[in-house]
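**Student:** next comes the sequence, and after it the predicted model I'd like to discuss.
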Amino acid sequence: LYRTFDSADLRIWLSTQITLSTQLGGKPEEWSIKEVSDGNLNSVFLVHGLDSSLCCKQALPHVRVAPDWPMPLERALYEARYMRATEAAVTGLAPKLFHYDADLFLLVMECLSPHTVLRSALIADQVTPGFSETIGQYVAQTVHTTGWTTRPFEEGSRLLADFAGNTALTRITVDLILNDPYRVCTRNPEPEPALLSAVEALRTDRPLHAAISRLQNIFLTCRQALLHGDLHTGSIMLHERDVRVIDGEFATMGPIGFDCGLYLGNLALHACAAPQKMPAMEHEMRVFWAAFAEQFQTLVSQGGGDVGGLLEDDAARLTMVQDMLLGILRDTAGFAGLEIIRRTIGFAQVADYSLCPDDAARTTARKRALEIGRTLIMSAEAIESPDALFALLCPSPAT
Ligand code: SR1
Ligand code: MG
């Protein structure tokens, strides 16, 4: 039954869906349907009816930006499962899922309008400072509701089973984030000549490879909570103070620091591309971590799961939470470093570097990003405080 939809197919299909067409209002020929596909993987359409609007996202049988790269359609199912597993915990922080069609691998969601993608808003300098508070709360609330301190272990085991099959997208992460930037690989774009020696150095850096192996092990074996799995600034939409997380198709049980690290790594990348915005990005990092840590501590202290169930007093629970937060902080540093490096020299690079005024400035920005990424990976295990992490993510220009 699967076929790749264009706008005309979508209009016909929606007209057969009584609940959705009633929700839209008016007649099918009155609906405005616009394709707005922007990400690397899927087709996205915005449908405006007389009464309401919808966002329809369909998985393609290949990577949208690389049609020769086949990709299983089931990623849409995992995105739907992620939205359902987390929706009660993050109402208002993510779009609502109205319908998932298992034959068409199609999600029908709340249309976020007039929202823009955070990465584009940052590039255009059109953000309301403090947006990262919502992201910190989002991560704390999603990982709390799916973690082992909250519910009996049987529920965590069910999540492990529900997401174990998302291997195609986890393979993308394993390749693109955890391996490709450090080896010769046809997926890697040709580096600009001025960056070649820095790229080659990363391929032969044995201490770095040892530190990355540790992070690979954490990513693949630590099943701490259900992750978004791709929490970069392109997976967030916002309008003024309304901030929403989208695109949970990479969802997997994994280390909480992975979601935190991808987000902070993308803020650091933006600061590398536009150094004058370093103070603003450091502010967002601090806002993120404060919101995440505060919310995590409040929620996890409530208990309810098999982990921590023996702890009877507040002080003992606080000690456990602080111990968890330190581990998450260290993982965050390592995964932020990996994200910064892969977005600088790997397959899916970021538009933030378009802010550099010329080629020389872009090369300088990229070299700086590679240095920051490497330092984060190498120092992750020794980090003792959030301030130490921010100092590595936002080093002063002289260092
Ligand atoms: C082939 S997909 C490339 C990247 O796009 C997604 O957003 C993920 O970040 C992935 O690594
Ligand atoms: Mg995405």
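**Tutor:** Yep, that arrived. Ligands and ions are numbered 1, 2, ... in the order given.

**Student:** and the nearest residue to L20 once chain neighbours are set aside, how far is that from L104?
**Tutor:** Once flanking residues are discounted, L20 sits nearest to L14: 5.6 Å by Cβ to Cβ, 6 or more residues apart in numbering. Where C-beta positions appear, they are placed from N, C-alpha and C, glycine not excepted. Remark: distance between L14 and L104 (Cβ to Cβ, to the nearest Å) = 11 Å.

**Student:** for Q302, same thing?
**Tutor:** Distance, Q302 to L104, by Cβ to Cβ: 40 Å.

**Student:** between the two, which one's more packed in?
**Tutor:** Shown here are Q302 and L104; by other Cβ atoms under 10 Å, L104 has more neighbours (20 against 12).

**Student:** and what about that one, helix, strand or coil?
**Tutor:** Three-state call for L104 (DSSP: H, G, I helix; E, B strand; the rest coil): coil.

**Student:** please apply the same query to M253.
**Tutor:** strand.

**Student:** what number of residues lie near the nearest residue to it once chain neighbours are set aside?
**Tutor:** Distances taken as Cβ to Cβ, 6+ apart place R223 nearest to M253, at 4.2 Å, with adjacent residues excluded. Residues lying near R223 (other Cβ under 10 Å) number 19.

**Student:** repeat that for the one 10 residues further on.
**Tutor:** By other Cβ under 10 Å, the residues close to T233 number 26.

**Student:** picking up where we left off before, in contact with the residue nearest to L20, which residues?
**Tutor:** Contact analysis of L14 by Cβ atoms under 8 Å, 6 or more residues apart in numbering lists 20-21, 24, 28, 31, 47, 54, 56.

**Student:** any idea which helix or strand carries it?
**Tutor:** Using DSSP states H and E, the element containing L14 is helix 7-15.

**Student:** using PDB, write down the CA coordinates of that helix.
**Tutor:** The C-alpha coordinates for helix 7-15 follow below in PDB (Å, rounded to 0.1, in the frame of the first residue of the first chain):
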ATOM      1  CA  SER A   7       0.700  17.000  -2.700                       C
ATOM      2  CA  ALA A   8      -2.100  15.600  -4.900                       C
ATOM      3  CA  ASP A   9      -1.800  12.100  -3.400                       C
ATOM      4  CA  LEU A  10      -1.900  13.600   0.100                       C
ATOM      5  CA  ARG A  11      -5.100  15.600  -0.700                       C
ATOM      6  CA  ILE A  12      -6.900  12.500  -2.000                       C
ATOM      7  CA  TRP A  13      -5.800  10.400   1.000                       C
ATOM      8  CA  LEU A  14      -6.700  13.100   3.500                       C
ATOM      9  CA  SER A  15     -10.100  13.400   1.900                       C
END
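
**Student:** so how far is that helix from its chain's centroid?
**Tutor:** 30 Å (Cα atoms, centre = their mean, to the nearest Å).

**Student:** so which elements touch whatever helix or strand comes next after that helix?
**Tutor:** Downstream of helix 7-15, the first helix or strand assigned by DSSP H and E is helix 18-24. Packing partners of helix 18-24 (3 or more Cβ pairs under 8 Å, 6 or more residues apart in numbering; DSSP states H and E): helix 7-15, strand 53-59, strand 97-101.

**Student:** can you list the buried residues in helix 18-24?
**Tutor:** 20-21, 23-24 (16 or more other Cβ atoms under 10 Å).

**Student:** export only the CA atoms of that helix, formatted as PDB.
**Tutor:** The C-alpha trace of helix 18-24 is given here as PDB (Å, rounded to 0.1, in the frame of the first residue of the first chain):
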ATOM      1  CA  ILE A  18     -13.000  11.400   8.100                       C
ATOM      2  CA  THR A  19     -11.500  12.600  11.400                       C
ATOM      3  CA  LEU A  20      -8.600  14.500   9.800                       C
ATOM      4  CA  SER A  21     -10.700  16.000   7.000                       C
ATOM      5  CA  THR A  22     -13.300  17.200   9.500                       C
ATOM      6  CA  GLN A  23     -10.500  18.600  11.600                       C
ATOM      7  CA  LEU A  24      -9.200  20.600   8.600                       C
END
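
**Student:** distance of C272 from ligand 2?
**Tutor:** Between C272 and ligand 2 the computed distance is 22 Å (Cβ to the ion, to the nearest Å).

**Student:** D9 too?
**Tutor:** Distance, D9 to ligand 2, by Cβ to the ion: 23 Å.

**Student:** give me every residue that touches that residue.
**Tutor:** Contact partners of D9, counting by Cβ under 8 Å, 6+ apart, are R3.

**Student:** same question for G303.
**Tutor:** With Cβ under 8 Å, 6+ apart, G303 has these contacts: 149, 309, 311, 317.

**Student:** cutoff 7 Å now
**Tutor:** Applying Cβ atoms under 7 Å, 6 or more residues apart in numbering to G303 gives the contacts 149, 309, 317.

**Student:** one more: H283?
**Tutor:** H283 sits next to P129 when contact means Cβ under 7 Å, 6+ apart.

**Student:** where's it, which helix or strand?
**Tutor:** helix 278-301.

**Student:** how about N217?
**Tutor:** Assigned by DSSP H and E, N217 belongs to helix 206-221.

**Student:** may I ask which of the contacts of G303 has the most neighbours?
**Tutor:** When neighbours are counted by other Cβ under 10 Å, T149 leads these with 26 neighbours.

**Student:** am I right that that residue is in contact with L299?
**Tutor:** No: counting by Cβ atoms under 7 Å, T149 sits too far from L299 to count as a contact (8.6 Å).
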